[in-house]
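J.: I need the structure of the sequence given here:
(one chain, ligands or ions: 1)
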Amino acid sequence: MKILVTGAAGFVGNNTVRRLVQRGKPVRAMVRNVEKAKKRLEDIVDEIELVEGDVTDRISLKPLMKDVAAVIHLVAIALEKGGRTYEEVNYQGTVNVVDAAREAGVDRFIYMSQNGADSAMPYRFLKSKGNAQDYVAGNMQNWTALRPSAIFGPQDEFFNSIARLVKLTPVIYPLIGGGKAEFQPVSVNDVAEAIVRSLDDETTIGKALDLGGPEILNLGEIERRVIKALDSHRILFPAPTWLLRGPVIFMEKTLPGSPVSTSLLDLLAVPNIVKDNALVNQFGMQPIPFDGEHISYLKNNTVGVAVRTIFKGDIVN
Ligand SMILES: NC(=O)c1ccc[n+]([C@@H]2O[C@H](COP(=O)([O-])OP(=O)(O)OC[C@H]3O[C@@H](n4cnc5c(N)ncnc54)[C@H](OP(=O)(O)O)[C@@H]3O)[C@@H](O)[C@H]2O)c1
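T.: Okay, the predicted model is just below:
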């Protein structure tokens, strides 16, 4: 029996698949484009079954559930691009995966939710993830939801985007929203470990588990650590979100790889910190800090990488 991982070539996905392979688990890795995914999963491609599927296409999911013992559902979008919406991919996509799993008699379901996800939220992204989590909890018997704060690691979007913007703004850098928004950055290694441990840990069944790093950091402190990791210096000036809204709308409309969107700007109003950290309290782990060698990967963001990613929309890591 296999473990089906959706979003397997994504940031969290490829780290999770690697960890499952290391533990000797048989993996069916679902991706949207096999050829593209082969590049990211090159080193383990012979050790997994790579299959194509789209969560918005119910028919594509049915054959993928054959001989599956557990589903790890990671697919979601944080930016709406190419006409795809949060409701279609994050909510309806999850409904489709759950329905297909249930029809095939899949026993175990791990859903990658999000800290702050809540069906009552006014923010469409968090609402779509909250509705999806509710659907999983209401329709699968043996479910676990994991709710991480912002995740860092070599292929992350959020912290690498800050680094790329630093590279393109000499001398000064905006303290976005005054730098007050709070996060608890959590390492992708810790998140992948929590996913893999959840699979076989029956005490996680029926639980929504918050995952965070060891420190609560405001955005100003995060920006300072990113700038330090780049061995750079910038004068930080407070830029309220209302002032940034215009430039962000412009970037969203004109840049193929816009690192921000107005809906993500809205999310700065919601504290992204966890009260009960399951990494410590459920799994007994010591979370990795967002600091020093753990964020040295940010140095890969040269000016060239920043230009190619933001202005051409290339994926470079
Ligand atoms: N990154 C964070 O800081 C963070 C924090 C908390 C929670 N999470 C959650 O963690 C999960 C994984 O996020 P991530 O950061 O790894 O994102 P990611 O790198 O963008 O991975 C998501 C994957 O989903 C795939 N995908 C998108 N639409 C699809 C569709 N319609 N059908 C099938 N596959 C589709 C993407 O494939 P393509 O590359 O082909 O588009 C991508 O490989 C998400 O549920 C996210 O909400 C992430």
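J.: Where does the stretch 101-250 of the chain get nearest to the ligand, residue-wise?
T.: I151 (3.6 Å; Cβ to the nearest ligand atom). C-betas here are computed from N, CA, C, even on glycine.
J.: Tell me if I'm right that that residue and P185 touch.
T.: Yes: contact criterion Cβ atoms under 8 Å: I151 and P185 qualify, at 7.5 Å.
J.: higher neighbour count, those two?
T.: Using other Cβ atoms under 10 Å as the criterion, I151 and P185 rank with P185 on top: 29 against 25.
J.: Tell me the spacing between the more buried one and T309.
T.: 20 Å (Cβ to Cβ, to the nearest Å).
J.: before we move on, back to that, the residue of the stretch 101-250 of the chain closest to the ligand: what's it in contact with?
T.: Contacts of I151 were listed using Cβ atoms under 8 Å, 6 or more residues apart in numbering, and they are F11, V12, F158, P185, V186, S187, V188, V191.
J.: Which ones among these map onto helices?
T.: F11, V12, F158, V188, V191 (DSSP state H).
J.: from these, which is closest to A181?
T.: Of all the ones in helices among the contacts of I151, F158 has the smallest distance to A181: 11.7 Å, by Cβ to Cβ.
J.: What's the local residue count around the closest residue to that closest one other than its chain neighbours?
T.: Residue nearest to F158 in three dimensions, not counting chain neighbours: A150, with 5.2 Å by Cβ to Cβ, 6 or more residues apart in numbering. Applying the criterion other Cβ under 10 Å, we find 21 residues in the vicinity of A150.
J.: now L168
T.: Residues near L168, counting by other Cβ under 10 Å, number 13.
J.: ranges for the helices of the protein?
T.: Using DSSP H, the helices of the chain run over residues 11-22, 34-40, 58-61, 86, 93-103, 124-139, 158-168, 188-200, 219-229, 241-254, 262-266, 278-281, 303-312.
J.: Could you pull out the buried residues of the last one?
T.: The reference is to helix 303-312. Along helix 303-312, these residues count as buried under the neighbour rule (16 or more other Cβ atoms under 10 Å): V305, A306, R308, T309, I310.
J.: Let me know how buried the residue of the chain found nearest the ligand is, in neighbour terms.
T.: Using Cβ to the nearest ligand atom, the point where the chain gets nearest to the ligand is G10, with a distance of 2.1 Å. Neighbours of G10 under the rule other Cβ under 10 Å: 22.
J.: Ramachandran coordinates for it?
T.: phi -70, psi -180 (degrees, to the nearest 10).
J.: I'd guessed it sits against L74; true?
T.: Yes: under the criterion of Cβ under 8 Å, G10 is in contact with L74, at a separation of 6.2 Å.
J.: what's the straight distance from one end of stretch 281-298 to the other?
T.: End-to-end distance for stretch 281-298: 30 Å, by Cα to Cα, to the nearest Å.
J.: from the middle of its chain, how far away would that stretch be?
T.: The chain centroid and the centroid of stretch 281-298 are separated by 16 Å, computed with Cα atoms, centre = their mean, to the nearest Å.
J.: what mean pLDDT does that stretch have?
T.: The average pLDDT within stretch 281-298 is 97.
J.: Counting neighbours, show which residues of it come out buried.
T.: Q282, F283, M285, P287, I288, P289, F290, H294, I295, Y297, L298.
J.: Pretty sure the fourth one sits against N189.
T.: No: between P287 and N189 there is no contact under Cβ under 8 Å: 9.6 Å.
J.: Report the beta-bridge partners for M112.
T.: Taking DSSP bridges, one finds L146 as the beta-bridge partners of M112.
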